[in-house]
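Participant: Any chance you could fold what I've pasted below:
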Amino acid sequence: MDKIELKDSILKAVEQEIDQWLEIEPGIESGLEYETKLLEAGRRMTKALLVHSMGKLPGSRNEKKTPDLFGPH
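Facilitator: This next block holds a predicted model:
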């Protein structure tokens, strides 16, 4: 995935979170609920940024190199 596609996918995920926040924000009545919902939205946006920007993860360093788990016979 190139830089532009990566940026677009991150912005799309953040845009969805902002849209969702703008829908629920007028209905929040208490300060505690407002703060809790805002922090949850922020965490989801941060997670989206992290997940989309990680790229391909390396394989497990603990994975066996051969399909024969008990060694040669």
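Participant: so where's the chain shaky on pLDDT?
Facilitator: 1, 55-58, 63-73 (pLDDT under 70).
Participant: Now do the helices in it.
Facilitator: 3-24, 31-53 (DSSP state H).
Participant: Turn these into CSV, including mean neighbour count and distance to residue 60.
Facilitator: Using the backbone N, CA and C atoms, a C-beta is placed for each residue, glycine as well. Conversion of the helices of the chain to CSV gives the following (neighbours: other C-beta atoms under 10 Å; distance: least, C-beta to C-beta, whole Å):
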stretch, mean neighbour count, distance to residue 60
helix 3-24, 13, 24
helix 31-53, 13, 19
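Participant: Can I get those in a markdown table including distance to residue 61?
Facilitator: A markdown table is the format used below for those (distance: least, C-beta to C-beta, whole Å):
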| stretch | distance to residue 61 |
| --- | --- |
| helix 3-24 | 26 |
| helix 31-53 | 21 |
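Participant: Of these, which is nearest residue 59?
Facilitator: helix 31-53 (18.5 Å; C-beta to C-beta).
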